[in-house]
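K.L.:
predicted model, plus sequence, below.
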Amino acid sequence: MRQNNWTLGGYCQAYWRIVTGHHTLEDRSVFPHLRRSEPGLDAVLDQLETEHVEIHGRVDALDQALVGLVGTDGTGTLDEAALAAVQRAVDVLTDALLSHASYEERELIWPLARHAFS
């Protein structure tokens, strides 16, 4: 059981590092470039930046749920409530990521193509 927890934790940490790196690149480089190049995108970029913060809050919530799952009684038995909390946190994060990616692609594909980020 401990090895499974370590494996899951390692996978989640690597995935979250990629998401954080992606959002950081957008927030620090891509979005400022688009704001300068296409001022009509301000509302879209504001929304995407807000969603980045919200997504990271959901990542933190999932992390806490995972800590709760690992921090059960230590007998190796599965805590159904802790597992359900992890599933809920995964579902909320998944919905947020899919919605965010869809909106971002729909709203930015042409501005990115026009301004050398294709």
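P.N.:
Received the coordinates, thanks.

K.L.:
so His115 makes contact with Pro32?
P.N.:
No - applying CB atoms under 8 Å as the test, His115 and Pro32 come out as separate, 11.5 Å apart. (Glycine included, C-beta is placed from N, CA and C.)

K.L.:
state the helix or strand in which Phe31 lies.
P.N.:
helix 31-37 (DSSP states H and E).

K.L.:
and what of Asp46?
P.N.:
With DSSP H and E as criterion, Asp46 is part of helix 42-70.

K.L.:
list the buried residues of that helix.
P.N.:
Buried residues in helix 42-70, counting neighbours by 16 or more other CB atoms under 10 Å, are found at 44-45, 48, 51-52, 55, 58-59, 62, 65-66, 68-70.

K.L.:
what packs against it?
P.N.:
helix 2-25, helix 31-37, helix 80-114 (3 or more CB pairs under 8 Å, 6 or more residues apart in numbering; DSSP states H and E).

K.L.:
residue contacts, Leu49?
P.N.:
To be clear, residue 49 is Glu; Leu isn't right here. If you count contacts by CB atoms under 8 Å, 6 or more residues apart in numbering, Glu49 has them with 27, 31.

K.L.:
how far away is it from Asp42?
P.N.:
10 Å (CB to CB, to the nearest Å).
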